[in-house]
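Peer 1: Here's a sequence, model it:
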Amino acid sequence: MLERIISIVRRAGETILQARDIESAAQEKSSAADLVTKYDLAVQEFLRRELLFLVPQAGFLGEEGDGCAPDREWVFIVDPIDGTTNFVRGCHHSAISVALARNGVVEYGVVYNPFANELFSAERGRGAWCNGAPIRVSTRDLAHAIFHSGSTIYDRSFTPRSFAIMRYLYDSALDFRRLASAALDLCYVACGRAEVFFECRLLPWDYAAGMLIVEEAGGHVTTLDGQAPNVLQTSGILAVNDRCAELWQVTKSIQE
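Peer 2: As a prediction, this is how the structure comes out:
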């Protein structure tokens, strides 16, 4: 199953690599920070068709509002282009994210940045990989950690909490990055390029696949209050390695 999903995702990546005149194809959804292009729609339609051919009985939960049925046993959770603003601006840091959940538990996860030709994948209980090579979270402590964060720009009511957490981490860690793709941020924790990632509000397609990849690489993913996320619901997300595992106590204490 995982190899079949990987094959479909890699083929979908060709649409991204062949995209031209991207900025002229972009439209605002909820705000200037929330964009969609014809390529997002084309990739999602391709994924919907191919993934549901693979598992016809599955539900399909996609960012661009294509289908749902989250009450089915199997559900695909899909972001056709995570990091659309990067994509529109020509910053080659965007990814296709596909998770397959069974009864609300992610069993397979794939995150693919076609620009870098890096494909992260995981299968529950079997491990996580980048381009087929096993990956593990780092063993660095917080003082030596790089943290990644989102800024929850779609809902600025979270801004005070987001920046309060960021300030705590800035004072406690080595350095930070803001790369604007939650799916890839999670994968970077999984492979040891970063030790911490948080964002105060993410939708299921932003984190479902990356969450499994972190967990199968030996890391931990919780809500900001230290609970197990429900991958079919919007949630704040904290991803860490073992050495930073108690950070949820800090993020829980910092409220909006």
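
Peer 1: Quickly find the element holding the residue nearest the centre of the chain.
Peer 2: By C-alpha atoms, centre = their mean, the chain has its centre lying nearest to A183, at 2.1 Å. Applying DSSP states H and E as the criterion places A183 in helix 182-190.

Peer 1: CA atoms only for that helix, dumped as CSV, please.
Peer 2: C-alpha atoms of helix 182-190 as CSV (Å, rounded to 0.1, in the frame of the first residue of the first chain):
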residue,chain,number,x,y,z
ALA,A,182,3.9,22.5,8.2
ALA,A,183,4.2,19.2,6.4
LEU,A,184,7.9,19.7,5.7
ASP,A,185,8.5,21.2,9.1
LEU,A,186,7.3,18.0,10.7
CYS,A,187,9.5,15.9,8.3
TYR,A,188,12.5,18.0,9.3
VAL,A,189,11.9,17.1,12.9
ALA,A,190,11.6,13.5,11.9
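
Peer 1: Show the subsequent helix or strand relative to that helix.
Peer 2: Counting by DSSP H and E, the element after helix 182-190 in chain order, helix or strand, is strand 196-202.

Peer 1: ok, back up a step: from the chain's centre, how far out does the helix holding A183 sit?
Peer 2: How far helix 182-190 lies from its chain's middle: 7 Å, per C-alpha atoms, centre = their mean, to the nearest Å.

Peer 1: cool, and stretch 81-95?
Peer 2: 13 Å.

Peer 1: try stretch 154-173
Peer 2: Averaging C-alpha positions (C-alpha atoms, centre = their mean) puts stretch 154-173 19 Å from its chain's average.

Peer 1: mind listing what T222 touches?
Peer 2: Going by C-beta atoms under 8 Å, 6 or more residues apart in numbering, T222 touches A228, P229, I237, L238, W248. Placement of C-beta: from N, CA and C, glycine included.

Peer 1: Weed out the non-buried ones from these.
Peer 2: Buried members of the contacts of T222, counted by 16 or more other C-beta atoms under 10 Å: P229, I237, L238, W248.

Peer 1: that older thread, tabulate the contacts of T222 in CSV, adding columns for secondary structure and pLDDT.
Peer 2: Shown next, in CSV, are these (DSSP: H, G, I helix; E, B strand; the rest coil; pLDDT from 0 to 100):
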residue, secondary structure, pLDDT
A228, coil, 97
P229, coil, 97
I237, strand, 98
L238, strand, 98
W248, helix, 96
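
Peer 1: could I get those as a markdown table with distance to A58?
Peer 2: Output for the contacts of T222, formatted as a markdown table (distance: C-beta to C-beta, whole Å):
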| residue | distance to A58 |
| --- | --- |
| A228 | 22 |
| P229 | 20 |
| I237 | 24 |
| L238 | 28 |
| W248 | 32 |
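
Peer 1: Name the helix or strand for A208, please.
Peer 2: Using DSSP H and E, A208 falls in helix 204-216.
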